[in-house]
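Student: give me coordinates for this.
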Amino acid sequence: MTQENKHNTKLERLGFSYERGGVHTARTIMLAELRALLSFVDAADSARADYMEAIQTANCLGKRSGKTRTLTFRHLADLYALDPSLLVFRALRFFWQRDVDGQPLLAALCAYPRDPMFRATAPFVLSFHEGATVTREAMEEFIDAQEPGRFSKATLKSTAQNINSSWTQSGHLAGRVRKLRARAVATPGAVSLALLLGYVSGLRGESLFRSEFTRVLDCSFEKTIESAEDASRRGWISLKRVGQVVEVLFPNLITAQEMEWLREQN
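Tutor: Model prediction:
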């Protein structure tokens, strides 16, 4: 097993996913459904089975058929884990209730380490200047270039539409038909989740604020630091800064067992 594979296997214990597939061939990040589900199942320590029951038995999302309810649960579980034993979802729930304005970006940040196709398109979307047009055709070309010929034309088209819709839900794009690059709203909760994802990936100090996860925040290094300081004042994370030296810790989120895994990893 390569070092990268070992690293990935350890991150999978925390909720990351490196499966080749992904939800976006069929759906988007499903922000509206996630909001409805987390409102219906409002206890942060609810088990995965509680989310399944809410969708499939109580039909809290108002789906017409049993098959659709089953598929909806599967897609949401693929995107967000829906399992409090996994750090990525537990952190999502922690900030979700405390930072309502950050929910679009929190959803995207949770889906990012769990959906490889969504993750792969981030550099493409983030490379556009604010106000630039991001066409479905351009997204199709980008996806096809990653693995030429993997998808049929029809699947490529629907996947590109779904991914553009997801980046619209997260705030990075705007518009119904013509998609324009917008600026996502980086809140203290979203910044905290981005820093946590970087931390468990092995980053420390200032490099935490310049990671692939903080790039998704769509804000400057200075704004990221300010939002992290705000989150620290609220008691969500712990941030200490002396000159250029920055230490960020997550005492509310990372369990002793998970800290042990992270020490092994490093």
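Student: list the buried residues for the helix or strand hosting S232?
Tutor: If you go by DSSP states H and E, S232 is part of helix 221-233. Across helix 221-233, burial judged by 16 or more other C-beta atoms under 10 Å covers 224-225, 227-228, 230-232. Heads up, the C-betas are built off the backbone N, CA and C, glycines and all.
Student: of these, closest to V88?
Tutor: A231 (17.5 Å; C-beta to C-beta).
Student: can you tell me the closest non-neighbouring residue to that closest one?
Tutor: In space, and not counting its chain neighbours, A231 is closest to P188: 4.0 Å by C-beta to C-beta, 6 or more residues apart in numbering.
Student: now for the one you found: which residues touch it?
Tutor: By C-beta atoms under 8 Å, 6 or more residues apart in numbering, the residues touching P188 are 99, 102, 227-228, 230-231, 234, 236.
Student: swap in 10 Å and give it another go.
Tutor: Counting by C-beta atoms under 10 Å, 6 or more residues apart in numbering, P188 makes contact with 95, 98-99, 101-102, 226-234, 236-237.
Student: quick one, strands of the protein?
Tutor: Assigned by DSSP state E, the strands in the chain fall at 173-174, 180-181, 238-242, 245-249.
Student: just the angle for the helix holding S232 relative to strand 245-249, thanks.
Tutor: The directions of helix 221-233 and strand 245-249 differ by 50 degrees, with axes from the mean of the first three to the mean of the last three C-alpha atoms, to 10 degrees as the criterion.
Student: and helix 221-233 with strand 238-242, angle?
Tutor: On the basis of the same axes, to 10 degrees, helix 221-233 is oriented at 130 degrees to strand 238-242.
Student: hmm, who's touching helix 221-233?
Tutor: 95, 98-99, 102, 186-195, 206, 208-211, 214-215, 217, 219-220, 236-241, 246, 248-249.
Student: let me have the strands of the chain in TSV, extended by mean neighbour count.
Tutor: What follows is these, written out as TSV (neighbours: other C-beta atoms under 10 Å):
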stretch	mean neighbour count
strand 173-174	20
strand 180-181	17
strand 238-242	13
strand 245-249	15
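Student: who wins for proximity to S39 among the ones you listed?
Tutor: strand 173-174 (25.0 Å).
Student: chain center to that closest one: distance?
Tutor: 17 Å (C-alpha atoms, centre = their mean, to the nearest Å).
Student: same check, this time on stretch 39-55
Tutor: On the basis of C-alpha atoms, centre = their mean, stretch 39-55 sits 19 Å off its chain's mean C-alpha point.
Student: mean confidence score for that stretch?
Tutor: Averaged across stretch 39-55, pLDDT comes to 97.
Student: for N162, give its distance to G149.
Tutor: 20 Å (C-beta to C-beta, to the nearest Å).
Student: ok, I55 to D78 distance?
Tutor: 13 Å.
Student: again, but for T25
Tutor: T25 is 11 Å from D78, by C-beta to C-beta.
Student: same deal with P104?
Tutor: 19 Å.
Student: just R215 next, same as before
Tutor: Counting by C-beta to C-beta, the separation of R215 from D78 is 23 Å.
Student: let me see the ranges of the helices in this structure.
Tutor: 3-12, 31-40, 48-56, 66-80, 87-98, 103-111, 116-126, 136-146, 153-169, 188-200, 212-215, 221-233, 256-265 (DSSP state H).
Student: report the angle between the axes of the first one and helix 87-98?
Tutor: Computed by the same axes, to 10 degrees, the angle separating helix 3-12 from helix 87-98 equals 50 degrees.
Student: how far off helix 256-265 does helix 3-12 point, in degrees?
Tutor: 170 degrees.
Student: burial count for the residue lying closest to F124 once chain neighbours are set aside?
Tutor: Leaving aside its sequence neighbours, F124 sits nearest to F142 (C-beta to C-beta, 6+ apart; 4.8 Å). Applying other C-beta atoms under 10 Å, we find 18 residues neighbouring F142.
Student: wait, F142 sits on T121?
Tutor: Yes - the criterion here is C-beta atoms under 10 Å, and F142 meets it with T121 at 6.6 Å.
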